[in-house]
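Undergrad: Next come a sequence and a model predicted from it.
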Amino acid sequence: MRDADRRSVDIRALCDMDEGVLSPQIFSDEAIYQLELERIFARSWMLLCPELQIPKPGDFFTTYVGADRVIVVRQRDGSIKGLLNQCRHRGNELVRPDSGNARMFTCSYHGWSYDLAGNLRNVPHEDIVFPHGFDKAPWGCGAMAQVQTYKGLVFGTWDPTAPPLEEYLGDAAWYLDIVLDRFEGGLEPMGGVNKWVIKANWKIVAEQFVNDMLHPEQTHVSAFMASIPPDADMSQMQMPTTGRQFTSPNGHGLGLWTDGPILDITVGHRARTWFMEDSYPAAVARVGKARADVVASHMNLFPTCVMFAGFNHLRVIHPTGPHESEIWTWQLVPTNAPADLKKEWATNVQRAFGAGGLFEADDSAVWAGVQRTLRGVIGRRLPFNVQMGDRENKGPDPDYPGRVTQRAYSEVAARGFYQRWADMLTCETWSEIDEAAKSREGVRQ
Ligand code: FES
Ligand SMILES: [Fe+2]
């Protein structure tokens, strides 16, 4: 893709969030996808893994940042680095396993070896192949410019000019803490990393977690019905009605419910009782009543880090082209919960939201259903409507900070997500991105 081709894409014309109108082209165009890799995935703070994925020095985990392969590795001093998983000799993937522990990373092609910090340390037959000497210092792995942790999650960015992580999270951190701060002792991953392919553009998947409390009563109705416990009080099996939607100027978004039977149906009655009753007083003391009262929430940190409260389910969406994504998930369980309850919690969430999960299968079908329509020429011409809740008051709310609606059903967070997407694709620097966001403060969305 030539720069001239990329510049010819008029992003603002395809994404008009003042009017709530979106071109389907943004989900299917190869030139836009390539621009996203450069402007969004190579600049944003990206989730790498939970910190407990790599607890000891030498522990590593291999992942993607956009389409780039990355090794996340714990250093001897306890700090964490993100290295480009690519040998500097001829580009072979340096580390193939999903995770492990290493003292050095040795390439399986010609044997160049790198230390845990990514410095090139050894070249086989160096004195023969470089008889006049070889300065190895400039030939280390590419390292991510910044790696930081936030309450047990590791994030990294390739961009040395990106704002610090806490600033990037902004007012979304308060909502992320609904999950990360709720339990004394924090959360721990259980059951490994689940990975599967979705035949849909990454934004279609991410938008649901930014924004979409509306779809469950339609998309998941069969899963809801099939999951109602046989001895349930049917008068309590109503769809939730009370909640909020939050949108951040940084493109993050969340929806929460404070009523309804969703936890009984997904994590099961026992886990729900521990979550909303046994551990509730401690949760109120830690995060306050408003956050402790959240029964379930979905959240997306721009661009692709997803967190569910209640289910304690973490995921990242890796784009693998304009028409396909990979979803990677971790099930987190409260460290201070009883051991058998942790297992039950993780198993039940897996049954609902794992690769073959009852609810996940519903979502996969509609995401792929959207993508199939985008093969058509006419199907890529007619714009999509993103206007729900466009005249709704967005706060202030006595209990929830930032821009929040008084209901969970809205598309204000989707508009915030796509606005940020357009800003990142069109702005050259972070100060331009910030200025674009500030210029819209107070503007109706
Ligand atoms: S590609 Fe790695 S040593 Fe040649
Ligand atoms: Fe869903």
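TA: Received the coordinates, thanks. Ligands and ions are numbered 1, 2, ... in the order given.

Undergrad: In the stretch 151-300 of the chain, which residue sits closest to ligand 1?
TA: Closest residue of the stretch 151-300 of the chain to ligand 1, Cβ to the nearest ligand atom: W158 (21.3 Å). Any C-beta I mention is one placed from the backbone N, CA and C, and that applies to glycine too.

Undergrad: okay, now that residue: neighbour count?
TA: Using other Cβ atoms under 10 Å, the number of residues around W158 comes to 21.

Undergrad: That one contacts V65, correct?
TA: Yes - in terms of Cβ atoms under 8 Å, W158 counts as a neighbour of V65; the distance is 7.0 Å.

Undergrad: if I look at the two, which residues touch both of them?
TA: Listed contacts common to W158 and V65 are 42, 144; contacts here mean Cβ atoms under 8 Å, 6 or more residues apart in numbering.

Undergrad: Could you pull up phi and psi at the residue of the stretch 151-300 of the chain closest to ligand 1?
TA: W158 has phi and psi values of phi -80, psi -10 when expressed as degrees, to the nearest 10.

Undergrad: Can you tell me how far it is from A117?
TA: Noted for W158: a distance of 17 Å to A117, by Cβ to Cβ, to the nearest Å.

Undergrad: host element of F105?
TA: In this structure, F105 is located in strand 104-106 according to DSSP states H and E.

Undergrad: next one: phi and psi at the spatially most central residue of the chain?
TA: Ranked by distance to the mean C-alpha position of the chain (Cα atoms, centre = their mean), the top residue is C305 at 1.1 Å. In this entry, C305 is assigned phi and psi values of phi -100, psi 120 (degrees, to the nearest 10).

Undergrad: what's the answer for A408, then?
TA: Dihedral pair for A408: phi -80, psi -20, per degrees, to the nearest 10.

Undergrad: Who are the contact partners of the residue nearest to the centre of the chain?
TA: Taking Cβ under 8 Å, 6+ apart as the criterion, C305 is in contact with 46-47, 153, 155, 314-316.

Undergrad: Just list whatever residues bridge to it.
TA: Beta-bridge pairing of C305, defined through DSSP bridges, involves L301, V316.

Undergrad: same deal with the one 4 residues further on?
TA: Residues in a beta bridge with A309, per DSSP bridges, are S297.

Undergrad: gap between it and ligand 1?
TA: Distance of A309 to ligand 1, computed by Cβ to the nearest ligand atom, to the nearest Å: 43 Å.

Undergrad: which residue does the stretch 201-350 of the chain bring closest to ligand 1?
TA: For the stretch 201-350 of the chain, the nearest residue to ligand 1 under the criterion Cβ to the nearest ligand atom is T320, separated by 23.1 Å.

Undergrad: That residue touches A67, doesn't it?
TA: Yes - between T320 and A67 a contact is recorded at 7.2 Å, counting by Cβ under 8 Å.

Undergrad: near ligand 1, which residues of the stretch 101-250 of the chain show up?
TA: Near ligand 1, the residues belonging to the stretch 101-250 of the chain are 107, 109-112 when assessed by Cβ under 6 Å from any ligand atom.

Undergrad: Repeat the analysis, applying 5 Å as the threshold.
TA: When proximity is defined as Cβ under 5 Å from any ligand atom, the stretch 101-250 of the chain approaches ligand 1 at 107, 109-110, 112.

Undergrad: Need the max-distance pair from these.
TA: In those, the most distant members under the criterion Cβ to Cβ are Y109 and W112, with 8.2 Å between them.

Undergrad: quick one on the thing from earlier: most neighbours among the residues of the stretch 101-250 of the chain next to ligand 1, which one is it?
TA: Busiest of these [other Cβ under 10 Å] is W112, holding 22 neighbours.

Undergrad: For H269, which residues are in contact?
TA: Under the criterion of Cβ under 8 Å, 6+ apart, the neighbours of H269 are P229.

Undergrad: Ends of stretch 331-345, what's the gap?
TA: Taking Cα to Cα, to the nearest Å as the measure, stretch 331-345 stretches 9 Å from start to finish.

Undergrad: what's it in contact with?
TA: Here stretch 331-345 has contacts from 50, 179, 182-191, 194, 267-268, 270-271, 274, 279, 312-314, 346, 349-350, using Cβ under 8 Å, 6+ apart.

Undergrad: Can you get me a residue count around the residue lying closest to A292 once chain neighbours are set aside?
TA: In space, A292 comes closest to A283 once its chain neighbours are excluded; the distance is 3.9 Å by Cβ to Cβ, 6 or more residues apart in numbering. Here the number of neighbours of A283 (other Cβ under 10 Å) works out to 23.

Undergrad: so how far is the helix or strand harbouring G255 off the chain centroid?
TA: The secondary structure element spanning G255 is strand 253-257 (assigned by DSSP H and E). A distance of 14 Å separates the C-alpha centroid of strand 253-257 from that of its chain, computed with Cα atoms, centre = their mean, to the nearest Å.

Undergrad: What helices and strands are in contact with that strand?
TA: On a contact count with 3 or more Cβ pairs under 8 Å, 6 or more residues apart in numbering; DSSP states H and E, strand 253-257 meets helix 172-180, helix 202-211, strand 243-247, strand 296-301, helix 412-426.

Undergrad: Repeat the analysis, applying 6 Å as the threshold.
TA: With contacts defined as 3 or more Cβ pairs under 6 Å, 6 or more residues apart in numbering; DSSP states H and E, the secondary structure elements packing on strand 253-257 are strand 243-247, strand 296-301, helix 412-426.

Undergrad: Close to ligand 1: what parts of the stretch 301-445 of the chain are there?
TA: When proximity is defined by Cβ under 5 Å from any ligand atom, the stretch 301-445 of the chain lies next to ligand 1 nowhere.

Undergrad: Give me the buried subset of the contacts of stretch 331-345.
TA: Buried members of the contacts of stretch 331-345, scored by 16 or more other Cβ atoms under 10 Å, are 50, 179, 182-183, 186-191, 194, 267-268, 270-271, 274, 279, 312-314, 346, 349-350.
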